[in-house]
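Enquirer: fold the following and give me the result.
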Amino acid sequence: MAQVVVMPKLGLTMTEGTITKWHKKEGDEVRKGEILFELTTEKITYEVEADVDGVLKVILVKEWESVSPATPVAIIAGENESITSILESVKKSELASVGEAAELKGTKEKLELGTELKVESREIKASPAAKKLAKEKNIDLREIKGTGPDGRILLEDAEEFIKSKEKAVIIQEYSEDENDEKVPLSPVRKTIAEKMVASWNTIPAVTYGISVDMTELMDLKEKLESEFEKKGVKLTYNHFLIKICSVALKEMPYMNSTINGNELIIHKNINIGMAVAREKGLIVPNLKNVEKKSLFQIAKETEELIEKARKNSLSVDELTGGTFTITNLGMYGIEFFSPIINLPEVAILGITAITNKPSMVNGQIVIKPTMVLNLTADHRVVDGADAAKFLLRIKELIEKPYLLIMD
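Expert: Below is the predicted model:
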């Protein structure tokens, strides 16, 4: 019996998915359990398997097209089975749904060979003043996100959009060379770009740096490494920093908060995200309830999350709910950088390389292993003195790691 394959819904917050790769082409035989296609949302990449045996008769959504959950993307049927009636029903459902989508105004969508659907969109909701300004500035209202009732575009929305356009850097036009390669931005990369721009434009962020002596922590790490290895876990400085930050965050809860509109939500649970670099873009899985976990639990669960991140097998829960983020560029030799806050959090800690630097001890110059910590904080919530106290506490716990047993 024929089956209409639809875009799955991965988590409550998913609004659309992009098919980045079809593993089968039209006419291919399909077995239940085989990977049919890969989809990417703003959070994860997911491999969708076939639910039935059959032949992939029609692909309705091409690679790099984005559609909402439950949208038909393909039809699987028996080799000699007719799918005409199914295509008709798909065509009707698509006509009903796309007719409401403003972004499809004036476009046509083919649902079967030789059949085209003309799609008209509903009027965009905008105030007369916003419409007038958009017309004067030759701005497409569909590009503007409305903040009024039911998404209505207000004059302020149009003015803010025009300001952001005017601030954009003008890039000199570049004539394309036949050897140039065009690579479409993946949904993950587009989401990263959107979030970074939102963070940069929204937050009055300030970065604070402090040097810490790594001597004692390096010594402790060396002593513990073999014990962790016996249990199959490789101990890293990231694990120590997650533990240390959890202690400091518990003592200074305003740093473990997120902004929601005009409210500051101070979280009881400490969920620390660790930025993980992948070929497809940066991703930040977070470890839940860190304040309740031992150093070994943190190390084990963190490495499991990182492995899942690199295999694109993270769940939605593992990618949401973070309250504080750590990002480490030390392995690349970076000694200073200004990390961008992961909205809606209020702070992010940047970890850098450990380098040997001269230090004055009892009137003599001594070479010590040193790391610079870079804390970027939202000045709407975190004043300079508060950021300094937070960094000083982290410095104390790094330089006197035996204090961790008192937590």
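Enquirer: domains in this protein, by residue range?
Expert: 3-118, 123-172, 189-406 (automatic domain parsing).
Enquirer: I'd like those domains as JSON lines, with mean neighbour count and mean pLDDT appended.
Expert: Quick note: C-beta positions are derived from backbone N, CA and C, even for glycine. Shown next, in JSON lines, are those (neighbours: other CB atoms under 10 Å; pLDDT from 0 to 100):
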{"stretch": "domain 3-118", "mean neighbour count": "16", "mean pLDDT": "76"}
{"stretch": "domain 123-172", "mean neighbour count": "14", "mean pLDDT": "77"}
{"stretch": "domain 189-406", "mean neighbour count": "17", "mean pLDDT": "92"}
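Enquirer: as JSON lines, these with distance to residue 182 would be great.
Expert: Converted to JSON lines, the domains of the chain look like this (distance: least, CB to CB, whole Å):
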{"stretch": "domain 3-118", "distance to residue 182": "12"}
{"stretch": "domain 123-172", "distance to residue 182": "16"}
{"stretch": "domain 189-406", "distance to residue 182": "14"}
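Enquirer: to residue 178, which of these lies closest?
Expert: The closest of the domains of the chain to residue 178 is domain 123-172. By CB to CB, the value is 19.9 Å.
Enquirer: what is the neighbour count of residue 178?
Expert: 4 (other CB atoms under 10 Å).
Enquirer: wasn't it part of a helix?
Expert: No - assigned with DSSP: H, G, I helix; E, B strand; the rest coil, residue 178 falls outside any helix and is coil.
Enquirer: check what pLDDT it gets.
Expert: With respect to pLDDT, residue 178 has a value of 71.
Enquirer: give me phi/psi at it?
Expert: phi -60, psi -20 (degrees, to the nearest 10).
Enquirer: check the gap between it and residue 206 for me.
Expert: 47 Å (CB to CB, to the nearest Å).
Enquirer: now the lengthiest strand in the chain: how far from the chain's centre is it?
Expert: Counting residues, the longest strand in the chain under DSSP state E turns out to be strand 364-378. Here strand 364-378 is found 29 Å from its chain centre; the criterion is CA atoms, centre = their mean, to the nearest Å.
Enquirer: one more: stretch 1-14?
Expert: For stretch 1-14, the distance to the chain centre is 22 Å (CA atoms, centre = their mean).
Enquirer: tell me the secondary structure for residue 46?
Expert: strand.
Enquirer: for the residue nearest to it when sequence neighbours are not counted, name its beta-bridge partners.
Expert: Nearest residue to residue 46, sequence neighbours excluded (CB to CB, 6 or more residues apart in numbering): residue 39, at 5.5 Å. With DSSP bridges as the criterion, residue 39 is bridged to residue 19, residue 46.
Enquirer: isn't residue 39 up against residue 61?
Expert: No - using CB atoms under 8 Å, residue 39 is not in contact with residue 61; the gap is 9.6 Å.
Enquirer: which residues are in contact with both of those two?
Expert: 7, 19 (CB atoms under 8 Å, 6 or more residues apart in numbering).
Enquirer: if we can go back for a sec, quick one, what contacts the residue nearest to residue 46?
Expert: Counting by CB under 8 Å, 6+ apart, residue 39 makes contact with 7-8, 17-20, 45-46, 48.
Enquirer: likewise for residue 272?
Expert: 242, 245-246, 249, 286-287, 290, 322-326.
Enquirer: could you check how far it is from residue 323?
Expert: Counting by CB to CB, the gap from residue 272 to residue 323 is 7 Å.
Enquirer: what do these two both touch?
Expert: With CB under 8 Å, 6+ apart, residue 272 and residue 323 have common neighbours 249, 286.
Enquirer: what about the helices in this structure?
Expert: 84-98, 128-136, 155-167, 187-202, 215-230, 237-251, 295-310, 316-319, 384-399 (DSSP state H).
Enquirer: residue 129 touches residue 153, doesn't it?
Expert: No - the criterion here is CB under 8 Å, and residue 129 misses it with residue 153 at 9.9 Å.
Enquirer: ok, back up a step: please name whichever of the helices of the chain is nearest to residue 346.
Expert: helix 384-399 (10.1 Å).
Enquirer: CA atoms of the closest one as PDB?
Expert: Extracted in PDB, the C-alpha atoms of helix 384-399 (Å, rounded to 0.1, in the frame of the first residue of the first chain):
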ATOM      1  CA  GLY A 384      31.500  45.300  36.000                       C
ATOM      2  CA  ALA A 385      32.000  44.700  39.700                       C
ATOM      3  CA  ASP A 386      29.800  41.600  39.600                       C
ATOM      4  CA  ALA A 387      31.700  40.200  36.600                       C
ATOM      5  CA  ALA A 388      35.000  40.800  38.400                       C
ATOM      6  CA  LYS A 389      33.800  39.000  41.500                       C
ATOM      7  CA  PHE A 390      32.700  36.000  39.400                       C
ATOM      8  CA  LEU A 391      36.000  35.800  37.600                       C
ATOM      9  CA  LEU A 392      38.000  36.200  40.900                       C
ATOM     10  CA  ARG A 393      36.000  33.300  42.400                       C
ATOM     11  CA  ILE A 394      36.800  31.100  39.400                       C
ATOM     12  CA  LYS A 395      40.500  32.100  39.600                       C
ATOM     13  CA  GLU A 396      40.500  31.200  43.300                       C
ATOM     14  CA  LEU A 397      39.100  27.700  42.600                       C
ATOM     15  CA  ILE A 398      41.500  27.100  39.700                       C
ATOM     16  CA  GLU A 399      44.500  28.100  41.800                       C
END
